[in-house]
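J.: quick one, what's the 3D model for this:
(chains A and B)
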Amino acid sequence: MNQIMSDKRVIALYTLPALLLILTLIYVPIVLTGYYGLMDWDGIGGMEFIGLENYANLIGDTMFWRSAWHSLLLALFSVGSLALYLTVSLVLAGNIKGADMFRKIFLIPMLLSSVAIAQLWIRIYHPSNGVMNRFLTSIGIENPPMWLADTSLVLFAIFVPIIWQYAGFYIIIYYAALKNIPKELEEAAKIDGASPLQIAYKIKLPLISGIIKVTIVLAVIGSLKYFDLIYVMTDGGPNGASEVMASYMYKLAFRSNDFGYGSAVGFFLLVLILIVTYLIRKATASKDEVQY
Amino acid sequence: MPSNTAAVEKTEGLRLGSLRIRPGKLLLYVILGLVAVLQILPLIWLVLFSLKDNQEVFNLAPFALPADPQWSNYARVWTDGNIGLYFFNSVIVTGTAVILTVLLASLVTFAITRMQWKLNKLVLGLFMVGLMIPVHSTLIPLFSFFNTIGLMDHHLSIILTYTAFNLPLTMMILLGFYYTLPRELEEAAIMDGCSIHRMFFRIILPITAPVVATTAIINMIYNWNEFVFVNTFISSDSLKTLTVGIQNFIGQYSTDWGAIGATLVISMLPILIAFLILSNKIVEGMTSGSVKG
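T.: Numbering: from 1, shown residues only, chains lettered A, B, ... in the order given. All right, here's what the predicted structure looks like:
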């Protein structure tokens, strides 16, 4: 038995195909991104080693910092919207008939491609024929905004479909966690005279703090690498007002053929995500230990 | 928790005593109903304008029913707009990548959780760290890699990339199930003189079918909707999948609302149908795939 279950050739045969795939297509590329970032390279011709010049240029690149700021704003919005999702989940987990059907309906936008969602919301925001402005004019607002063409509004306009898309995803996660809380705890609190709000804040939220932590990491990382929807809806415009890090990187490499500089941005994104993940986990870990 | 059981008995009594219709409860249903409507309304609007001509889109109220539903919008985009071809490409790419991912992930997960070797935890770690890697940080090297080996503008480039990037998540969903399989299963098979390959394909794989189905449907959704890799690696129109194809199409027909609506509905339909049949599996896959991270 043990001999068969520790047969080295079988282990290699079962493990190597998948391992080779992730090494070749994930791990080697992330190392190469850092390496290409040290090069002056148009993607086709020869590379020229220029040391840290690309990374030094990043520091003075206002467009890069603008896109980084937009990514950060998206991350803050996303974390903020978790509170909204959590509220809906608390309602949903509170002895609701048809809770299962509700959460499935909430999830539907999450199943659609970001491209289709972007195309749909471009129509929703259409200045004259879109359902948004048709509604606003019908309730008497004379000059409704040109949502996606307005530099001060575009980032907020983009964030609405993002909330719409991800709501169901986070709600099903929170719902599953809330349903895992033993009923006895809630019942005991009720006897002690706790109100539903007190039960939610003092008992339920602390008990699912582990899941909340995971969703914060998911929301922040998801926002930092956000791309598809913005690329299709605005292409970073108007005038860079909705440019984010991933879309800026994409433009540098595949439109300006500046593969070296694009790689530097890509590598920055990777390092940033690893650092942020580590920091959030660390910052939230200590709290857990104190409470329970 | 001995004190809790006493508390439960007491509460049951309390709850029976206070069983009244509470207006607070109604408010909760109103909130949930409102959220549900908000989630569905944009899609209803989409289906409505996919069945209208421009005249009706511009002049009728947004949620008015079309007088004469223009089903021809669908037929037109399917043939003239190449949507049929893009659809077929999406089926090929998604199908191949799903089978490859689920098979490879099952093999590795079996080797890691059921077989005895020293480096298994390290290899598992390598796969799990893969969950954190942003796709965009790999895009430029992958582009140059596929260029060098001649797979650029070839379905294999996206199929292999989908497989690599979905392996970690797929394994994460499979792991829990594999850890709970009883040892006796393998012992009995080996006693009967079953080879390890036969055991994997004839016993383990069929037993894990429910969780394999969950990973397959989750993979299907992700692959069907994927955009960046196709947009970067595929340049021939004849090889494009739906996400990139509809981008092209809408660029050309940007003023024809009915055609755009029909295109979007067609691109969403397979996933929505899968959801109608397999919603429990999808919910299960999405929760288990993220919560453990």
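
J.: residue boundaries of the helices in the stretch 1-150 of chain B?
T.: B:2-17, B:23-50, B:54-59, B:72-79, B:83-114, B:120-129, B:136-148 (DSSP state H, counting those that start in this stretch).

J.: what's the following helix or strand after the last one?
T.: Okay, so that is helix B:136-148. For helix B:136-148, the succeeding helix or strand toward the C-terminus, using DSSP states H and E, is helix B:155-180.

J.: sorry, back to before: to A:Arg255, which of the helices of the stretch 1-150 of chain B lies closest?
T.: Evaluated over these, closeness to A:Arg255 peaks at helix B:136-148, with 12.8 Å, by C-beta to C-beta. Yep, even glycine has a C-beta here, placed from its N, CA and C like the rest.

J.: ok, and what's touching the closest one?
T.: Contacts with helix B:136-148, where a contact means C-beta atoms under 8 Å, 6 or more residues apart in numbering or on different chains, come from A:24-26, A:28-30, A:32-33, A:36, A:43, A:225, A:227, A:246, A:249-250, A:253-254, A:259, A:262-263, A:266-267, A:269-270, B:152, B:154, B:157, B:161, B:228-229, B:232-233.

J.: quick one, that helix and helix B:155-180 angle?
T.: 130 degrees (axes from the mean of the first three to the mean of the last three C-alpha atoms, to 10 degrees).

J.: avg pLDDT for helix B:136-148?
T.: Taken as a whole, helix B:136-148 has an average pLDDT of 93.

J.: do I have it right that B:Met220 meets B:Thr96?
T.: No - contact status for B:Met220 versus B:Thr96: not in contact, 11.5 Å apart, counting by C-beta atoms under 8 Å.

J.: circling back to that earlier point, can you list the helices of the stretch 1-150 of chain B in a markdown table and add mean neighbour count?
T.: Converted to a markdown table, the helices of the stretch 1-150 of chain B look like this (neighbours: other C-beta atoms under 10 Å in any protein chain shown):
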| stretch | mean neighbour count |
| --- | --- |
| helix B:2-17 | 11 |
| helix B:23-50 | 16 |
| helix B:54-59 | 14 |
| helix B:72-79 | 17 |
| helix B:83-114 | 21 |
| helix B:120-129 | 15 |
| helix B:136-148 | 22 |
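
J.: give the contact list for A:Lys202.
T.: A:189, A:194.

J.: ok, now how distant is it from chain B?
T.: 16 Å (C-beta to the nearest C-beta, to the nearest Å).

J.: again, but for A:Ala56
T.: The spacing between A:Ala56 and chain B, counted by C-beta to the nearest C-beta, is 19 Å.

J.: gap between A:Ser247 and B:Pro168?
T.: Separation of A:Ser247 from B:Pro168 (C-beta to C-beta, to the nearest Å): 25 Å.

J.: what does A:Asn180 give?
T.: In this view, A:Asn180 and B:Pro168 are 24 Å apart by C-beta to C-beta.

J.: more neighbours: the two, which one.
T.: B:Pro168 (23 against 12; other C-beta atoms under 10 Å in any protein chain shown).

J.: ranges for the helices of the stretch 101-250 of chain A?
T.: Using DSSP H, counting those that start in this stretch, helices in the stretch 101-250 of chain A cover A:114-124, A:131-138, A:154-179, A:183-191, A:196-198, A:205-207, A:209-224, A:228-233, A:245-254.

J.: so is stretch A:179-196 next to chain B?
T.: Yes - using C-beta under 8 Å from any C-beta of the partner chain, stretch A:179-196 reaches chain B at A:182-185, A:187-188, A:190-191.

J.: the most centrally placed residue in chain A: what's it in contact with?
T.: Nearest to the geometric centre of chain A sits A:Gly222, at 1.8 Å (C-alpha atoms, centre = their mean). By C-beta under 8 Å, 6+ apart, the contact list for A:Gly222 reads A:78, A:166.

J.: 7 Å - rerun?
T.: Contact partners of A:Gly222, counting by C-beta atoms under 7 Å, 6 or more residues apart in numbering or on different chains, are A:Ser78.

J.: cool, the one 10 residues further on as well?
T.: When contacts are counted by C-beta under 7 Å, 6+ apart, A:Val232 touches A:115, A:118-119, B:247.

J.: phi, psi of the nearest residue to A:Phe135 once chain neighbours are set aside?
T.: Of all residues not flanking A:Phe135 in the chain, B:Pro62 sits nearest, at 7.4 Å (C-beta to C-beta, 6 or more residues apart in numbering or on different chains). The phi/psi pair for B:Pro62 (degrees, to the nearest 10) reads phi -50, psi -40.

J.: which residues touch B:Pro69?
T.: B:Leu51.

J.: backbone dihedrals for it, please?
T.: Backbone torsions of B:Pro69, given as degrees, to the nearest 10, read phi -50, psi 130.

J.: pLDDT value on residue 3, please?
T.: No chain was given, so I picked chain A. 79.

J.: my bad, the chain I had in mind was chain B
T.: At B:Ser3, the pLDDT recorded in the model is 41.

J.: tell me which residues touch A:Met146, please.
T.: Neighbouring residues of A:Met146 by C-beta under 7 Å, 6+ apart: A:Pro127.

J.: ok, now how distant is it from A:Asn129?
T.: 13 Å.

J.: ok, now A:Phe135?
T.: 12 Å.

J.: for A:Gly51, grab the count of nearby residues.
T.: When neighbours are counted by other C-beta under 10 Å, A:Gly51 registers 9.

J.: wouldn't it be in contact with A:Gly37 here?
T.: No - the criterion here is C-beta atoms under 7 Å, and A:Gly51 misses it with A:Gly37 at 10.3 Å.

J.: that older thread, residue contacts, the residue nearest to A:Phe135?
T.: Contacts of B:Pro62 (C-beta under 7 Å, 6+ apart): A:131, A:134, B:45.

J.: show me the contacts for the second one.
T.: Spelled out, that is A:Arg134. Counted by C-beta under 7 Å, 6+ apart, A:Arg134 has contacts B:Pro62.
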